[in-house]
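Visitor: structure of the sequence below:
(chains A and B)
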Amino acid sequence: EADIYQTPRYLVIGTGKKITLECSQTMGHDKMYWYQQDPGMELHLIHYSYGVNSTEKGDLSSESTVSRIRTEHFPLTLESARPSHTSQYLCASSRGGNEDTQYFGPGTRLTVL
Amino acid sequence: AQSVTQLGSHVSVSEGALVLLRCNYSSSVPPYLFWYVQYPNQGLQLLLKYTSAATLVKGINGFEAEFKKSETSFHLTKPSAHMSDAAEYFCAVSVGNTPLVFGKGTRLSVIA
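Guide: So this is what the prediction gives:
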């Protein structure tokens, strides 16, 4: 059983609000990832980190930002939410090797009204 | 750059029938290959992975996949479908120090 947690699981907010989606893992993994996934559709990598104080943008342009101050914590922030941000956000982590499994959290389903 | 193609966005099989989900990859160097499954309202979980050992890989829930370098394929199979297999399945490839590249996914429906 993977020990990676996301909160909240569901969030409904109004346009213009600032939100932070939390992601934590207790496995000591160096690598962490954020994906955006619309219902029944492919995953898009929006941010990733290979260690503390290291963050990179993914393939999909996103208005969100991330930080990695602690190994176990990788929050994602939207400064001003818009309806176009409505989606599911999945966090994942893995150890250092390219052959290592990515472990996924349960996701946060965000709805912006 | 590496890429993954999953043929068929939706596959429907009868309960007890063979499951075959297709995945082809593109990579200039030997890849690591993964199959993940996603149940409704959940994250993804690993079914199996190929890491250059045996070319026939067995995973959880009776699934297996065979790495065929000559065909650049990593198709997922299960001899007999169960209702609980209904889910979204993603193939992914890892090369070098870049993040996993996922396919677009295949939705498996199982008909009673």
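Visitor: is the residue nearest to the spatial centre of chain B in a bridge, and if so with what?
Guide: Computing the C-alpha centroid of chain B and ranking residues by Cα atoms, centre = their mean puts B:W35 first, at 3.7 Å. Under the criterion DSSP bridges, B:W35 forms beta bridges with B:L48, B:C91.
Visitor: do the same with A:R109
Guide: Under the criterion used (DSSP bridges), A:R109 bridges to A:Y10, A:Q88.
Visitor: contact partners for it?
Guide: A:9-11, A:87-89, B:41 (Cβ atoms under 8 Å, 6 or more residues apart in numbering or on different chains). For the C-beta atoms, the positions are set from N, CA and C on the backbone; glycine is no exception.
Visitor: from A:R9, how far out is it?
Guide: For A:R109, the distance to A:R9 under the criterion Cβ to Cβ, to the nearest Å works out to 7 Å.
Visitor: likewise for A:L76?
Guide: Counting by Cβ to Cβ, the gap from A:L76 to A:R9 is 15 Å.
Visitor: neighbour count winner among the two?
Guide: The neighbour comparison of A:L76 against A:R9 (other Cβ atoms under 10 Å in any protein chain shown) goes to A:L76, with 22 against 12.
Visitor: quick one: pLDDT of the residue lying closest to that one once chain neighbours are set aside?
Guide: Leaving out its chain neighbours, the residue that sits closest to A:L76 by Cβ to Cβ, 6 or more residues apart in numbering or on different chains is A:L21, at 4.6 Å. The model reports A:L21 with a pLDDT of 98.
Visitor: A strand includes A:L21, no?
Guide: Yes - secondary structure of A:L21 (DSSP: H, G, I helix; E, B strand; the rest coil): part of a strand.
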